[in-house]
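**Q** Sequence and predicted structure are below.
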Amino acid sequence: MDLPKVRNIGIAAHIDAGKTTVTERILYYTGRLHRMGSVDDGTAAMDWKPQEQERGITIVAAATTCFWKPAQDGHDSPRRHQYQINIIDTPGHVDFTMEVERCLRVLDGVVVVFCGVGGVQAQSETVWHQARRYSVPRICFVNKLDRAGSDFLRVVEEMRSRLGANAVPVQLPLGQDSDFVGVIDLVFRQAVLFEDEALGARYEVRDVPQPYRDEVEHWRGRLIEAVSEQVDWMADKFLAEEPITPADLRRALREACLANAIQPVLCGAALRNRGIQPLLDAICDYLPSPVDIPAVRGTDPKSGKTVERHTDQDEPLSAMAFKIQSEKHGDLYYIRVYSGVLRERSRVYNANQDKMEHLTHLYRMHANTREQLDQAGPGSIVAATGLRVSVTGDTLCDRKKPIVYERMEVPETVISMAIEPKTQAERKKLDEALDKLAREDPTVRQTVDVQTGQLLISGMGELHLEIIRDRLLREFSLDARVGQPRVSYRECLKEAITIEETFQRELEGHGQFARVVIAFERAPCGSELEFHNQVAKEVLPNHFVRAVQRSLTQSSAAGVLYGFPLINVKATLTDGSVHPVDSTDLAFEAAASIAQRRALEEGGCQLYEPYMRLEIVTPEDNLGDVINYVNSCRGAIQEVISRESLHVLHAVGPLAELFGFATKLRSLTQGRGTYTMEPLEYRPAPSNVLDFG
């Protein structure tokens, strides 16, 4: 494998932007598929789960590999090299944002797809910020430019204003709406027209048509200026008024893109087979190979020091298990290899679990089909079987040269449903099924309601819970009663308070003594319990401090009002006392737990509910009805944007009032309205809001 010719990329977008269709066309034109599938018909290669085919959406990230040998260099000279492109097609629905998160954690580059009509939408922002958090270079593809109301330059401007992106067009659309026939390449000043008879597989390269020439020169000049601001040697040529060749411009664009200083923007219409081959060229030209990414940093679990691994097969093995897929005959682990070589039938060290694992087989994946491999070198994204204890985010490495990579963030759940097996025999099946789902998807949580004793499954939204329920009943053949979704509330301290608590007991003939003074106060919104220690170790040994922290963390799983988890609480240990004989970890855990409960009872406890961010697209005729409905749901309209005959509403509202929002919106707009919803934050709830469903 020639590493400089490898691209590990993700395809990410807001739901219905055409991301899976783009992936399908990429696989067709690279020869991986011999027949194009359709998302609407449930025949897309990357949407292989029954739930995806039935709903026409991507639910789980799917990996594949294809090979692309650009036929022309600037559409006028042959290239010699073939590129290996490892692709992960990610979900667009916000309920499955964890799938996007863990893929972006291990990818080198990403193609962000935008709808030419919808522009920058809610999940577009989420995906963009996830990629920015992991410093993943991006190129943008504005899709659906064959649809009425599409506007390429408006979408580019929205990227700049709403995402803070340095989005720079490297193409312009040739034609508009139904007359969109191809793209104009600003780098080479050429028009590329696609042939319908060949399903876009053949295209014709022409000179730029006369009516477009002034516009092309204008935007090419802006492209050169934008790149010159980021690349020093390009700036020198620009200021010296030296000729800038297409090769110069492409090289400078690559440097700026790898540095995350510029995001090149391309255009097309995937459903009508336009613009995909130039997109493949751009992936090869502008996105990084594994050798282009900086050394990956981690921690030595023995010394705690920061260590690095480079993309080199001679370095010690290091890899991350970033996704688990539950299967009948054992879990399938998706692994990104960073350094060294991963071999089949080998033993690897799980540095997070401090255990050895036996890896049996390695595979290159194409959606749900496999191609067996003997080994995988640095830069590879593969699947493996045989692992037993590893979970999402674990680091696999050489035991003699251990390293632990930073885990990915797992978002908090906002919605839950009760589930109850119909017979005792089904209880074991349910436990096993939930364990498998939780290993596969870290956002699937299970808890027991302290008041009703019901088993609750928590997820990221109504659709997420619907998929979980469907899989439990269909895939795991579970016979169970499932309740309606309900909100996952939280509890929070009202007033700051300092509690002094002394625990002094005699248990089984042994004395137990601990005294703590803990200051409880409100913490920044959205955080879990935050612990600080201000007591010197000479006064309170470290193991007692750890016992206090451990107890407070465990106790924060349930408040005093209704038993919901605590949020936004900061606990500071300000003083403590020990007995030379009777002080134990158990005593300090008990003292801390009692102190926290007293703080919530004496300082007051308040119920918090999750608020959601809404983006609603509605026809102008129904705008007033939709605004009134949002207001009736205790929501607040923040912004209304006009897009010809449509209006886009940005709003926030409590999740408790938004169940069934899709049905109501369809009714108000005669089926023409659409919306997306994603978690925003927790806010204080009115006293009458609690619904135990």
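**A** That came through fine.

**Q** where do the strands sit along the stretch 201-350 of the chain?
**A** Applying DSSP state E, counting those that start in this stretch to the stretch 201-350 of the chain gives strands spanning 203-207, 263-267, 296-299, 306-309, 318-325, 332-339, 342-343, 346-350.

**Q** Which pLDDT value does the model give the closest residue to Val100 other than its chain neighbours?
**A** In space, and not counting its chain neighbours, Val100 is closest to Thr90: 4.6 Å by C-beta to C-beta, 6 or more residues apart in numbering. Quick note: C-beta positions are derived from backbone N, CA and C, even for glycine. pLDDT, Thr90: 86.

**Q** How about the contacts made by Thr90?
**A** 10-12, 19, 58, 61, 99-100, 103-104, 127 (C-beta atoms under 8 Å, 6 or more residues apart in numbering).

**Q** quick one: which of these is nearest to Ala636?
**A** Val127 (24.9 Å; C-beta to C-beta).

**Q** Relative to Val110, how far out is the closest one?
**A** Per C-beta to C-beta, to the nearest Å, Val127 is found 8 Å from Val110.

**Q** Can I take it that Pro70 is in a strand?
**A** No - judged by DSSP: H, G, I helix; E, B strand; the rest coil, Pro70 forms no part of a strand; its state is coil.

**Q** Start at 507, not 1
**A** Happy to do that; since the first residue is 507 now, the last one works out to Pro576.

**Q** Burial check on it, number of neighbours?
**A** 19 (other C-beta atoms under 10 Å).

**Q** What are the boundaries of the helices in the stretch 1007-1156 of the chain?
**A** Assigned by DSSP state H, counting those that start in this stretch, the helices in the stretch 1007-1156 of the chain fall at 1048-1061, 1091-1109, 1129-1138.

**Q** Remind me what the last one packs against, helices and strands.
**A** When you say that, I think you mean helix 1129-1138. Here helix 1129-1138 touches strand 1111-1125, strand 1142-1149, strand 1152-1160, helix 1167-1175, going by 3 or more C-beta pairs under 8 Å, 6 or more residues apart in numbering; DSSP states H and E.

**Q** I'd like those written out as TSV, with distance to Asp937 added.
**A** TSV is the format used below for those (distance: least, C-beta to C-beta, whole Å):
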stretch	distance to Asp937
strand 1111-1125	27
strand 1142-1149	42
strand 1152-1160	33
helix 1167-1175	32
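
**Q** hey, which of these is tucked in deepest?
**A** A comparison of the helices and strands packed on helix 1129-1138 by mean neighbour count, using mean count of other C-beta atoms under 10 Å, puts strand 1111-1125 on top with a mean of 21.

**Q** just how off-centre is that strand within its chain?
**A** 20 Å (C-alpha atoms, centre = their mean, to the nearest Å).

**Q** can you check stretch 741-749 too?
**A** Distance, centroid of stretch 741-749 to centroid of chain: 41 Å (C-alpha atoms, centre = their mean).

**Q** which outside residues touch that stretch?
**A** Applying C-beta under 8 Å, 6+ apart, the external contacts of stretch 741-749 come out as 730-731, 734-735, 750, 754.

**Q** Just checking: the least confident one among those is which?
**A** When the contacts of stretch 741-749 are compared, Ile750 shows the smallest pLDDT, 90.

**Q** Let me see the backbone angles for it.
**A** Ile750 has phi and psi values of phi -110, psi 110 when expressed as degrees, to the nearest 10.
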